[in-house]
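Colleague: Quick one, structure for this:
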Amino acid sequence: MKLIKWLMTGMLALSLTACASYYPIAVDVSPTVQTNGGVYRGQPVSLSSQDGRKNDYIIQIEQKGKAPVVVGASNNLKVQMEQALAQGLSTQGAFIENGARTQVELELQEVLARVIRGHISYDVVQQLRIQLTLKRDGRTITKQYRRSAQAEFPGRLHPELDKVKEALNEQLSLLMQDMLADRDVQQFIGGN
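Modeller: Residues are numbered from 1 along each chain as shown. Next comes the predicted model:
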């Protein structure tokens, strides 16, 4: 009897592992920055970031009757977003320097792509929320940036995570573009 119990437990664990192992545990996230130069005239800016998300995964695969499968980012998402913002600000003419009077803090609040299985396709619902806080000489402004998108991808068996990752990278890049093009941010950094 103990042998049967042991075998059943082993088979159950193996079957659960087989289902979950189809998906990678992490995907590479790399937002890109496209912005114009000439916005700033060498204004020094210090940049920091924090990750305030409730969960550390970025993709959640939901299938009826099964436990969700989650996939994280293979690189540090907070660092990726901070580097993209630094690159964008530098392209616009700001000078990134520790201890500068103008401080910019980026906070990740939500970055999630939910993959929901349909009959012959998968819906990918993305929710992104990032906050920027700018401080200088006792003044502070806080800006919230949100993006949501929904896409449908064909697939009867498993979603193609490369397509989900590309969609997520596209939305993160557009969100970064929103931050860099924000007139309030530009006036705050550009002012003396």
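Colleague: beta partners of A26?
Modeller: Counting by DSSP bridges, A26 is bridged to G72.
Colleague: Please enumerate the helices of this structure.
Modeller: Secondary structure of the chain (DSSP state H): helices at 2-20, 77-91, 161-181, 183-190.
Colleague: Out of the ones you listed, which gets the lowest mean score?
Modeller: Lowest mean pLDDT of these: helix 2-20, a mean of 44.
Colleague: residue nearest the centroid of the chain?
Modeller: Nearest residue to the geometric centre of the chain (C-alpha atoms, centre = their mean): V111, 4.3 Å.
Colleague: Contact partners for that one?
Modeller: V111 is in contact with 53, 58, 77, 127-130, 168, 172, counting by C-beta atoms under 8 Å, 6 or more residues apart in numbering. Every residue, glycine included, has its C-beta placed from N, CA and C.
Colleague: Equivalent analysis for L180, please.
Modeller: Counting by C-beta under 8 Å, 6+ apart, L180 makes contact with 33, 35, 85, 88-89, 92.
Colleague: That one and V71, how far apart?
Modeller: Look at L180 and V71: by C-beta to C-beta, to the nearest Å, they are 28 Å apart.
Colleague: What's opposite the residue nearest to the centre of the chain in the beta bridge?
Modeller: L128.
Colleague: let's number from 7 now, not from 1
Modeller: In the new numbering, first residue 7, that becomes V117.
Colleague: pLDDT score for it?
Modeller: 96.
Colleague: With R135 instead?
Modeller: Reported pLDDT for R135: 97.
Colleague: residues in contact with it?
Modeller: If you count contacts by C-beta under 8 Å, 6+ apart, R135 has them with 115-117, 150-152.
Colleague: Just the buried ones from these, in PyMOL syntax?
Modeller: The buried residues among these can be selected in PyMOL (16 or more other C-beta atoms under 10 Å) with this line:
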select buried, resi 115+117+151
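Colleague: re the thing from before, CSV for the contacts of V117, including distance to P30?
Modeller: Putting the contacts of V117 into CSV (distance: C-beta to C-beta, whole Å) gives the following:
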residue, distance to P30
R59, 20
I64, 12
L83, 15
Q133, 21
L134, 21
R135, 25
I136, 25
L174, 14
L178, 18
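Colleague: Among those residues, which one sits closest to G161?
Modeller: L174 (16.7 Å; C-beta to C-beta).
Colleague: quick one: that closest one and I65 touch, right?
Modeller: Yes. Under the criterion of C-beta atoms under 8 Å, L174 makes contact with I65 at 7.4 Å.
Colleague: tell me, what's touching those two both at once?
Modeller: In contact with both L174 and I65: A119, using C-beta under 8 Å, 6+ apart.
Colleague: between those two, which one's more packed in?
Modeller: Neighbour totals were compared for L174 and I65, and I65 leads with 27 against 24 (other C-beta atoms under 10 Å).
Colleague: Any idea what that one is bridged to?
Modeller: Applying DSSP bridges, one finds that I65 bridges with V77, A119.
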